[in-house]
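# can you look at this prediction? I've put the sequence above it.
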Amino acid sequence: MNELDDIDGLAAEYVLGTLNREERLSVESRLLSEPALKAGIEAWQRRLTPLADTVTPVLPPPNLYNKIRAQIGLSAHVISLKARERQLTQRGNRWRNAAAAMTAMAASLVGVVAIREQHYQQMPTQFVAVLQAGDDKPAFLMTVDTRTHNCVITAVAAPKKAEKSYEVWMVHDQLPKPKSLGVMSEGDMNVMPMADGPDNDMFMNASFAVSLEPEGGSPTGAPTGPVLFSGKLMKATP
Amino acid sequence: MQLTRKQLDSLIGAVAKGDEAAFAELYQVSSSKLFAVALRILRNREAAEEVLQESYFRVWEKAGDFNPALASPLTWMAAIVRNRCIDEVRRKVPRGSTDESLLENLESADEHPIVGLERQEDVQRLMRCMEGLEPEKKQMVRLAYLDGMSREDLAAKFGRPEGTIKTWLHRSLAQLKGCLEQ
């Protein structure tokens, strides 16, 4: 009779799926430092995966692919934003310097923010983001107050769409999926109170995006429409 | 749709370079199989959809890490989906309520390989080796792999202590390994 040694037995049961939660976590934590265990798991995946091929296929719902695409779209924006942020950071750490490099349209927005900045000189809890589509002119200006957990979004150059709503999302590594901040209602300025306000760090590292959704907002709780605009917060006060 | 291993490998290669059309095609040829795998373990449509969404997102992000020398694209993707499913069911104790009507639809067929001739050979070889197991052990392996049962679940189902289940599983797996290596 063939016998499995300890490592191979553990690898086999990991792939078979019979380990309990603690044992699974322990296997996963050992993978990096134990190539034999990793190789064992890969070998058992090759041996056993044909079993998965014996189940009768079931068609997933048609909108699932769109959800996946939306998630990928958001992440692509985040990546390009991170790249641009790095670029801007190189030109100067203060957001004003960075903003100076933006388009003429953005420059006029900076004026608006500068006034706010004066007004809130004592409050280092104000953050601002210009949500724009690629290198085009900005479409939304967003300010976030982490003390009151209010998020104010101003439509600057966002085209109105019939029977569609703009929905605002926060994207962050620590969030399992984009978190909806709310749907833009009629009018150019929206105040969105943010329940269970995350901490400053979360805000500073998050990206914000606007997607075009059916009227009233995403029916699924995740972005379903195209991501039109996105941006990142910068400190609006020193 | 039938794709050869080579075609699948090149699809993943294109996905790694950010080719969205290749990603769409990969989704098309694999999603109904992987959805069925997730449904069968999770027994809940909503949870299965969520796992599938996360898994394909991961496929998009990690396609560059895929190593064709180690596994076929389907093996790689199935592992991503199954790991998430099993983590999900192990997180909840005991197993959530079962949708029996869903189960009936899923229990059906024993063999429906969809992708490629080589793949069919893999399936047939494994099925032949599974036939070599005693019926109870064969059922145990299937319940573990396809339905996501833990040792504990199997112990309850077969009315044996977990230690016995572990011994049986290890013997069965060793027997399968020996048979597949012939």
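Perfect, I can see it now.
# quick one: contacts for A:Lys67?
Residues counted as contacts of A:Lys67 (CB atoms under 8 Å, 6 or more residues apart in numbering or on different chains) are A:Thr220, A:Ala222, A:Pro223, A:Thr224, B:Gln53. C-beta: built from backbone N, CA, C; applies to glycine.
# surely the fourth one is in a helix?
No - under DSSP: H, G, I helix; E, B strand; the rest coil, A:Thr224 falls outside any helix and is assigned coil.
# give me every residue that touches it.
A:Asn63, A:Asn66, A:Lys67, A:Ala70, A:Ser211, A:Glu213, A:Pro214, A:Ser218.
# what is the longest helix seen in chain B packed up against?
Ranked by residue count under DSSP state H, the longest helix found in chain B is helix B:20-42. The contact analysis (3 or more CB pairs under 8 Å, 6 or more residues apart in numbering or on different chains; DSSP states H and E) places helix B:20-42 against helix A:64-90, helix B:5-16, helix B:45-62, helix B:73-91, helix B:100-107, helix B:135-147.
# with respect to A:Arg47, which of those helices lies nearest?
helix B:73-91 (9.7 Å; CB to CB).
# what about the closest one, distance to the chain center?
7 Å (CA atoms, centre = their mean, to the nearest Å).
# per-residue confidence at A:Arg84?
At A:Arg84, the pLDDT value in this model is 50.
# extract the CA atoms of the helix or strand encompassing A:Phe229 and return them as CSV.
Following DSSP states H and E, one finds A:Phe229 within strand A:227-232. Listed next in CSV are the C-alpha coordinates belonging to strand A:227-232 (Å, rounded to 0.1, in the frame of the first residue of the first chain):
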residue,chain,number,x,y,z
VAL,A,227,-16.4,54.6,-14.5
LEU,A,228,-16.3,58.1,-15.9
PHE,A,229,-14.3,60.1,-13.4
SER,A,230,-11.8,59.3,-10.7
GLY,A,231,-9.4,61.1,-8.4
LYS,A,232,-7.5,61.0,-5.2
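# counting by contacts, list what it packs against.
Using 3+ CB pairs under 8 Å, 6+ apart: strand A:227-232 touches helix A:64-90, strand A:126-132, strand A:138-145, strand A:207-214.
# which of these comes out lowest on mean pLDDT?
When those are compared on mean pLDDT, helix A:64-90 scores lowest, with a mean of 61.
# count residues in the vicinity of A:Asp8, would you?
Counted by other CB atoms under 10 Å in any protein chain shown, the residues lying close to A:Asp8 total 21.
# look up how far chain B lies from it.
Using CB to the nearest CB, to the nearest Å, A:Asp8 is found at 8 Å from chain B.
# which ones are touching residue 12?
In the absence of a named chain, chain A is used. Taking CB under 8 Å, 6+ apart, we find A:Ala12 in contact with A:Leu4, A:Gly40, A:Trp44, B:Leu169, B:His170, B:Leu173, B:Lys177.
# not quite, go with chain B.
Contacts of B:Ile12 by CB under 8 Å, 6+ apart are B:Ala22, B:Leu26, B:Ala63, B:Phe66, B:Pro68, B:Pro73, B:Trp76.
# hmm, try it at 7 Å
Shown in contact with B:Ile12 (CB atoms under 7 Å, 6 or more residues apart in numbering or on different chains): B:Leu26, B:Ala63, B:Phe66, B:Pro73.
# TSV for those, including pLDDT and neighbour count?
As requested, the contacts of B:Ile12 are exported to TSV (pLDDT from 0 to 100; neighbours: other CB atoms under 10 Å in any protein chain shown):
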residue	pLDDT	neighbour count
B:Leu26	92	24
B:Ala63	94	23
B:Phe66	93	18
B:Pro73	92	25
